[in-house]
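1. Here is a sequence with its predicted model. Questions after.
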Amino acid sequence: MSLFKKNRCKLCKEERGVRECPRSGKTICWHCCNQMRSDMQCPDLCSYHLPPQKNLEFNIKSDSLQESNALVLRLFDLWGMKVHPEIDELAPIELAQTEEGREKLETYFSKIKFLNTLPINKIRQKLQLPAIDLPSDNDFEKHATEIMTILADQDWDALIKYYYHQEELQSQENRDLFINRNKKFRVFKKIKEFSLISSSLNDEAKEALVHFDVNKKAELTINMIKIGGEWKMKSRIIGQPQLFYGEDTAIKHIATLLSKNEMDEVFTLCEQYRTIYPDSADIEYYWGLYHSISENVKEARKHFEISYILDPTFAEPLYNIGFIYQVEHKNDKAREIYYRVLELDPNEVKSINNLAILHIEKKEWKEALTYLEKCIKINPDYDIAQKNYDIVKRKLQGDGLDI
């Protein structure tokens, strides 16, 4: 039996099976689960069973807003056909046929708690009531679905608009680098169909994971982050949401191997983890270090540039770009980069020391001394800066200049 068949719902045979159903004795998808539990006959031992519902205050366990909304609409169809004495002698669906009846429904809705947690405008549409403005705080699933559509359409410019770090994507060179890199990932190029499996929102309601089934054989998780009131794509994980919590472990693993100079293993892990965490600035950074140690400057620069594009708050790859320029004797570019590093991290001693070296090469001793004094003040144990300081100090004293 193929993997395709193994991970499908045993009832509909189409969607991914995500939970064990004690009522059917089978692994089923959330769509079939909703269909079964809407009659409220599922056993209590199932955590997804529906207890008796009070009016429109639905008590539902679900793995996503989409699942919850779909079930609410099923339950509403049943609710709308029943008479509710607290509203009228007529069922809501009958009340919706007259202006007076719709006014009664409006009055009833105004008393319902947690109304914004329901797909209220779809409910209102069924009752011929006008749509109302709703806060967009919980529309991360909608935006993640739009991103999936963009990936399926290969609309890379539209994808950039959703990316949460826009700073370094304004130049055409960086946009091309970002887009060409995305085109290399097979899973992004071959999305023909997808469906939402689950989602989760952190306690601060500022970050979310949205999990998709892709082409009925792969999985893709989108990490969404709320910036300035808008949901943006922070990263993508090729696999299940649980992998989100493994990225730090992966990075530490690579860093440990790199510190031991186990270069073959470093390359293998960078290649492996990149296929899981395609938007990881840290993995690209360590890949850049790997190529630096291997003296492949061209590849090192590329990976450092990608790392910085993915996270423009990450000072280390930017520093390494500056250092490569300095080694190539492109000192003006190196100086510009080091200044940008210090804007991100004013205490980044390697950049401060290298700015001093640039002044030393121009025999600007006092300027070099100023940088080195700052460097030593930040980190008195930074031996390289201390040695450079001693050299500059001796030079100034030998020339009889004031220090």
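-> Alright, I've got the coordinates. The model shown is predicted, which means the values in this text are computed figures rather than measured ones.
2. which residues sit in contact with the nearest residue to residue 130 once chain neighbours are set aside?
-> The shortest distance from residue 130 to any residue other than its chain neighbours is 7.0 Å, reached at residue 124 (Cβ to Cβ, 6 or more residues apart in numbering). In short, each C-beta sits where N, CA and C put it, glycine included. When the contact criterion is Cβ atoms under 8 Å, 6 or more residues apart in numbering, the partners of residue 124 are 109, 130-132.
3. Let me have the residues you listed in JSON lines, extended by distance to residue 241.
-> Output for these, formatted as JSON lines (distance: Cβ to Cβ, whole Å):
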{"residue": "109", "distance to residue 241": "35"}
{"residue": "130", "distance to residue 241": "37"}
{"residue": "131", "distance to residue 241": "32"}
{"residue": "132", "distance to residue 241": "32"}
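4. Out of those, which two are the most distant from each other?
-> Between any two of the contacts of residue 124, the greatest separation by Cβ to Cβ is 12.6 Å, found for 109 and 131.
5. So between these two, which is more surrounded?
-> Just comparing residue 109 and residue 131: by other Cβ atoms under 10 Å the higher neighbour count belongs to residue 109, 18 against 10.
6. what separates that one from residue 9, distance-wise?
-> Relative to residue 9, residue 109 is positioned 35 Å away (criterion: Cβ to Cβ, to the nearest Å).
7. quick one: contacts for residue 287?
-> Neighbouring residues of residue 287 by Cβ under 8 Å, 6+ apart: 270, 274, 303.
8. Just the pLDDT for the second one.
-> This points to residue 274. Predicted confidence (pLDDT) for residue 274: 92.
9. Could you report the neighbour count for it?
-> By other Cβ under 10 Å, 18 other residues sit near residue 274.
10. Pretty sure it sits against residue 283.
-> Yes: look at residue 274 against residue 283 with Cβ atoms under 8 Å: they come within range, at 5.7 Å.
11. coming back round to it: which element is the residue nearest to residue 130 on?
-> helix 120-126 (DSSP states H and E).
12. Quick check: which helices or strands does the following helix or strand past that helix pack against?
-> Counting by DSSP H and E, the next helix or strand C-terminal to helix 120-126 is helix 140-153. Packing partners of helix 140-153 (3 or more Cβ pairs under 8 Å, 6 or more residues apart in numbering; DSSP states H and E): helix 156-162, strand 194-201, strand 207-214, strand 218-227, strand 230-237.
13. what about 6 Å?
-> Under the contact criterion of 3 or more Cβ pairs under 6 Å, 6 or more residues apart in numbering; DSSP states H and E, helix 140-153 touches helix 156-162, strand 207-214, strand 218-227, strand 230-237.
14. Take the contacts of residue 287 and lay them out in JSON lines including distance to residue 40.
-> Shown next, in JSON lines, are the contacts of residue 287 (distance: Cβ to Cβ, whole Å):
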{"residue": "270", "distance to residue 40": "52"}
{"residue": "274", "distance to residue 40": "47"}
{"residue": "303", "distance to residue 40": "56"}
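15. Show me the residues you listed that map onto helices.
-> The helices, defined by DSSP state H, take in 270, 274, 303 from the contacts of residue 287.
16. Quick check, pLDDT for the residue nearest to residue 232 when sequence neighbours are not counted.
-> Distances taken as Cβ to Cβ, 6+ apart place residue 164 nearest to residue 232, at 3.6 Å, with adjacent residues excluded. For residue 164, the pLDDT comes out at 88.
17. do the same with residue 54
-> Predicted confidence (pLDDT) at residue 54: the value is 69.
18. any weak-confidence spans in the stretch 251-400 of the chain?
-> Where the stretch 251-400 of the chain drops to pLDDT under 70, the residues are 399-400.
19. before we move on, back to that, quick one: buried residues of the helix holding residue 124?
-> Residues of helix 120-126 classed as buried: 120, 123-124 (neighbour count, 16 or more other Cβ atoms under 10 Å).
20. again with stretch 91-109
-> When neighbours are counted by 16+ other Cβ under 10 Å, the buried residues of stretch 91-109 are found to be 91-93, 95-96, 101-102, 104-105, 108-109.
21. Among the residues you listed, which one lies nearest to residue 377?
-> Among the buried residues of stretch 91-109, residue 109 lies closest to residue 377 (Cβ to Cβ), at 64.7 Å.
22. In contact with the closest one, which residues?
-> The neighbours of residue 109, taking Cβ atoms under 6 Å, 6 or more residues apart in numbering as the test, come to nothing; the list is empty.
23. my read: the residue nearest to residue 232 touches residue 223, true?
-> No: Residue 164 lies out of contact with residue 223 (Cβ atoms under 6 Å); the separation is 9.5 Å.
24. Those two: who's more crowded?
-> residue 223 (21 against 18).
25. Contact partners for residue 327?
-> Taking Cβ under 6 Å, 6+ apart as the definition of contact, residue 327 has no neighbours.
26. ok, back up a step: out of the buried residues of helix 120-126, which comes closest to residue 348?
-> Of all those, residue 120 has the smallest distance to residue 348: 50.6 Å, by Cβ to Cβ.
27. and the gap between the closest one and residue 23?
-> Residue 120 sits 30 Å away from residue 23, going by Cβ to Cβ.
28. now do residue 49
-> With the distance defined as Cβ to Cβ, residue 49 ends up 8 Å from residue 23.
29. Identify the contacts common to these two.
-> residue 42.
30. ok, the closest residue in space to residue 175 that isn't next to it in sequence - contacts?
-> The spatial neighbour of residue 175 that comes closest, neighbours along the chain excluded (Cβ to Cβ, 6+ apart), is residue 169 at 5.5 Å. Residue 169 makes contact with 160, 175, 178 under the criterion Cβ under 6 Å, 6+ apart.
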